[in-house]
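Enquirer: Here is a sequence with its predicted model. Questions after.
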Amino acid sequence: MGQSYGAHGCQQAMIYTARLAISIQDGGNKLVTFFERPVMAVPDLEKGIPPGANHGGAPIRLVGLLGRDYLRHVNFSYRGPTGQFVFEVIPTTMEAGAS
């Protein structure tokens, strides 16, 4: 168990080891990045999605959030008017000893 001050406020939650594989494909280009670390559960996270919610006919599943511990390794830019985003992973910050 661990204590967290996150999206769900301050509370105790279980800690698990997770291996994230983020795959981004644009045309013929594909980038896959792996990241393994301890993660904290967000109790009742799935309750934030209404029953039967879907996107293009596919059911929506919420299995986790990318928190500051991961997002500190990326540059993320969202262009609201066009619905486009740029998600740039900076792998050198993930190396042992990097801050």
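Expert: Received the coordinates, thanks.
Enquirer: Next, the contact list for the closest residue to Met94 other than its chain neighbours, please.
Expert: Using C-beta to C-beta, 6 or more residues apart in numbering and skipping the chain neighbours, the partner closest in space to Met94 is His73 (5.4 Å). C-beta: built from backbone N, CA, C; applies to glycine. Counting by C-beta atoms under 8 Å, 6 or more residues apart in numbering, His73 makes contact with Phe35, Val89, Ile90, Pro91, Thr93, Met94.
Enquirer: Pop out the phi and psi values for the fourth one.
Expert: Think Pro91. phi -60, psi -30 (degrees, to the nearest 10).
Enquirer: wait, it sits on Thr33?
Expert: Yes: the criterion here is C-beta atoms under 8 Å, and Pro91 meets it with Thr33 at 7.0 Å.
Enquirer: Averaging pLDDT per element, find the lowest-scoring helix or strand in this protein.
Expert: The weakest-scoring helix or strand in the chain, judged by mean pLDDT, DSSP states H and E, is strand 2-6 (a mean of 76).
Enquirer: Parallel or antiparallel, which strands does that strand pair with?
Expert: Using DSSP bridges, strand 2-6 pairs in its sheet with strand 9-13 (antiparallel).
Enquirer: looking at the chain, which residue lies furthest from center?
Expert: For the chain, the residue at maximal distance from the C-alpha centroid (C-alpha atoms, centre = their mean) is Gly28, at 23.8 Å.
Enquirer: Show me which of Pro91 and Thr33 is the more surrounded one.
Expert: A direct count of neighbours by other C-beta atoms under 10 Å for Pro91 and Thr33 places Thr33 higher, at 14 against 10.
Enquirer: Would you confirm that that one belongs to a helix?
Expert: No: counting by DSSP: H, G, I helix; E, B strand; the rest coil, Thr33 is not part of a helix but strand.
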